[in-house]
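Enquirer: attaching a predicted model along with its sequence, questions to come.
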Amino acid sequence: MSDLRAAVLGAGSWGTAFAKVLADAGTEVLMWARRPEVAEVIRDRRANPEYLPGMRLPERVSATTDPLVAIAAAQLVVLAMPAQTLRGNLAAWTGVLAPDATLVSLMKGIELGSSKRMSEVITETTGVPADQVAVVSGPNLAAEVVAEQPTATVVACLDVARATLVQRAVATSYFRPYTNDDVIGCELGGAVKNVIALAYGIATSMGLGDNTKASLITRGLAETARLGVALGADPMTFAGLAGLGDLVGTCMSPLSRNRTFGEHLGRGETLEQAAAATRQTAEGVKSCLAIRDLARRHGVEMPITEQVERVCHEGVDPRVAVRLLMSRETRAE
């Protein structure tokens, strides 16, 4: 049993699932939920039926609507909110962080406007050193995690000892964490896979077959790695859990928000119609803009990302996007 205390800031599906993992590993967890009714049902019924119906949370998990109460006594501060809301929230919370608290990012996105990774937003907003921030990434679909189906993940941090601390805090019989010091690679793998999963969902709805889908996954991984290397990541990271593992899981699973959102787009729905139908955040929809800008800034070609952005934000017909991808100049792999 751990003597750690953790705050999980965000009570969506992945934040709730991660709170369960922490508690099952022996950590006391206080969740922050923005809406009082969500905090109440977590606290009183050990449940979060809106996001994870049928799940029961361990006794070590409670909830509050006051983020400062959650953070105050926490050695692990887990950030599990939509990527685009991170900066605004952190600005209000920074003053109560314990000086040596480990900040753990569960978010898989790139900030609009700045094109910064989540760990960069965290360090810039809070002033904590980069080696105090850990990133968790891997094929970790929340519904399967709470069902205790075996999975593996990566805990990436520049400080190996801190990565190991988080690793021990989340290791359970069903959740197997590995450590890594390539924060850039793990964050990019987690962000770009959402965009490729949108493309995969679009292809699925268009009735395209397994050759198409395998090509999307493979070439999607290639463009992710190209951007990663340009930013200083280890190319081998993209062959691991935070790269290929997360990409395959997010593309192939009907539980994936981004794949599901892409399926709606592939059926000819507008962005607004797809958002109304899915009712949850598909990070790739917003992040594709920031990833495209980041790639252009570094002179990296990301043709799948470019076409997903055009379908999402410029109203391009998915059939036109496929035709443009297939008519690009041929080259060596």
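Expert: Right, received. Where do you want to start?

Enquirer: please make it C-alpha for all contacts and neighbour counts, starting now.
Expert: Fine.

Enquirer: end to end, how far does stretch 90-101 reach?
Expert: 14 Å (CA to CA, to the nearest Å).

Enquirer: can you list the buried residues in it?
Expert: 94, 97, 101 (16 or more other CA atoms under 10 Å).

Enquirer: what's the answer for stretch 113-123, then?
Expert: Within stretch 113-123, judged by 16+ other CA under 10 Å, the buried ones are 115, 116, 117, 118, 119, 121, 122, 123.

Enquirer: center of this protein, which residue is that?
Expert: The chain has residue 108 as the residue nearest its centroid, 2.7 Å off, counting by CA atoms, centre = their mean.

Enquirer: residue ranges in the protein under the pLDDT threshold?
Expert: Low-confidence segments of the chain, defined by pLDDT under 70: 1-2, 281.

Enquirer: longest helix of it?
Expert: The helix that spans the most residues within the chain, counting by DSSP state H, is helix 183-205.

Enquirer: packing partners for that helix?
Expert: Packing contacts for helix 183-205, counted by 3 or more CA pairs under 8 Å, 6 or more residues apart in numbering; DSSP states H and E, involve strand 133-137, strand 151-156, helix 210-230, helix 246-252, helix 257-266, helix 283-297, helix 303-314.

Enquirer: would you reformat the buried residues of stretch 90-101 as TSV and include distance to residue 291?
Expert: Listed next are these as TSV, based on distance: CA to CA, whole Å:
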residue	distance to residue 291
94	27
97	30
101	29
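
Enquirer: returning to what we had before: reformat the buried residues of stretch 113-123 as JSON lines; add secondary structure and distance to residue 259.
Expert: Output for the buried residues of stretch 113-123, formatted as JSON lines (DSSP: H, G, I helix; E, B strand; the rest coil; distance: CA to CA, whole Å):
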{"residue": "115", "secondary structure": "coil", "distance to residue 259": "23"}
{"residue": "116", "secondary structure": "coil", "distance to residue 259": "24"}
{"residue": "117", "secondary structure": "strand", "distance to residue 259": "22"}
{"residue": "118", "secondary structure": "helix", "distance to residue 259": "22"}
{"residue": "119", "secondary structure": "helix", "distance to residue 259": "25"}
{"residue": "121", "secondary structure": "helix", "distance to residue 259": "26"}
{"residue": "122", "secondary structure": "helix", "distance to residue 259": "28"}
{"residue": "123", "secondary structure": "helix", "distance to residue 259": "31"}
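
Enquirer: quick one: which of the residues you listed is nearest residue 13?
Expert: Set against residue 13, the nearest of the buried residues of stretch 113-123 by CA to CA is residue 118 (18.8 Å).

Enquirer: next up, the contacts around the closest one.
Expert: 83, 105, 107, 108, 109, 110, 111, 187 (CA atoms under 8 Å, 6 or more residues apart in numbering).

Enquirer: secondary structure class for the residue nearest to the centre of the chain?
Expert: coil (DSSP: H, G, I helix; E, B strand; the rest coil).

Enquirer: sorry, back to before: pick out the most distant pair among the contacts of residue 118.
Expert: The most widely separated members of the contacts of residue 118, counting by CA to CA, are 105 and 111 (13.5 Å).

Enquirer: any chance of TSV for the helices and strands packed on helix 183-205, columns distance to residue 127 and mean neighbour count?
Expert: Shown next, in TSV, are the helices and strands packed on helix 183-205 (distance: least, CA to CA, whole Å; neighbours: other CA atoms under 10 Å):
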stretch	distance to residue 127	mean neighbour count
strand 133-137	11	28
strand 151-156	19	24
helix 210-230	25	18
helix 246-252	30	23
helix 257-266	32	27
helix 283-297	23	22
helix 303-314	32	21
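
Enquirer: among those, which comes closest to residue 332?
Expert: Taking CA to CA, helix 210-230 is the member of these nearest to residue 332, at 12.5 Å.

Enquirer: name the residues that touch that closest one?
Expert: 184-185, 188-189, 192-193, 196, 199-200, 203-204, 234-235, 238, 243-244, 247-248, 251, 295, 298, 300-304.

Enquirer: having no further points to raise, I will conclude here.
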